[in-house]
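Colleague: Provide a 3D model corresponding to the input given below.
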Amino acid sequence: MNYKALKDNLIYVLLESQIKIGYTDNACSVNYPLYSLNNLLEEELDDDAMMIVLHDFARYAEDPLGRIALSRYDGQFCLTVPKDGVRYVHENVSDSGFLTELVALLREQRTIGLDDVLSVFRRYGDDVVCERAEDEEYNYVICFGDNVPDSFVYLFELELGHASYHRMTKKDFATMNNEK
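Modeller: The predicted structure follows:
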């Protein structure tokens, strides 16, 4: 059971949220599909077994994140980190600068192209992988092949000079592609 991977992912999702929308002194909820939790925990659990495991995880992550509230609905599991845990992330966790710079680029009021996005990636890593994708929701898949500075896959929609992304673990990306 890889509780550390889930805790690290939850913290990084909270950090990303704070980079995108700013820090607020409130609880924050993060939703995970079952397959994502199984990938992070390196398990193959059903919904009921996952809820039991998540209660154990909440105890594991209580220091430093506080008492995490859990719920589930329609195949999604919601982990709500209390405001003390959100504050912990704000005060004690920082990114390499990559995610902050990437989000800042996407906020700029100008035409943004693939070269702009790749230049941010290349400032933070030597092994940038970029592939064209034929998908309704995104048209580029970009990641750091060596997992430095992070191990996520970024799914970019670049259209008409605008850019947006969705980020997920490499295991989740593989799982998602196997289900199509």
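Colleague: Name the residues of the helix or strand containing Arg59 that are buried.
Modeller: If you go by DSSP states H and E, Arg59 is part of helix 47-65. Of all the residues in helix 47-65, those buried under the rule 16 or more other Cβ atoms under 10 Å are Met50, Val53, Leu54, Phe57, Ala58, Ala61, Leu65. The C-beta positions use only the backbone N, C-alpha and C, and glycine is treated the same way.
Colleague: Taking the residues you listed, tell me the two that lie furthest apart.
Modeller: Largest separation among the buried residues of helix 47-65 by Cβ to Cβ: Met50 and Leu65, giving 18.5 Å.
Colleague: His166 against Val141, yeah?
Modeller: No. In this structure, His166 is not within contact of Val141 by Cβ atoms under 8 Å, at 10.6 Å.
Colleague: which residues are common contacts for those two?
Modeller: Residues touching both His166 and Val141 (Cβ atoms under 8 Å, 6 or more residues apart in numbering) are Tyr154, Leu155.
Colleague: more neighbours, these two?
Modeller: Using other Cβ atoms under 10 Å as the criterion, His166 and Val141 rank with Val141 on top: 17 against 12.
Colleague: Quick one: mean pLDDT over the helix or strand containing that one.
Modeller: If you go by DSSP H and E, Val141 is part of strand 140-144. Strand 140-144 carries an average pLDDT of 97.
Colleague: From the contact counts, what lies against it?
Modeller: In terms of contacts (3 or more Cβ pairs under 8 Å, 6 or more residues apart in numbering; DSSP states H and E), strand 140-144 is packed against helix 114-124, strand 128-132, strand 152-159.
Colleague: now it, how far from the centre of its chain.
Modeller: Distance, stretch centre to chain centre, for strand 140-144: 14 Å (Cα atoms, centre = their mean, to the nearest Å).
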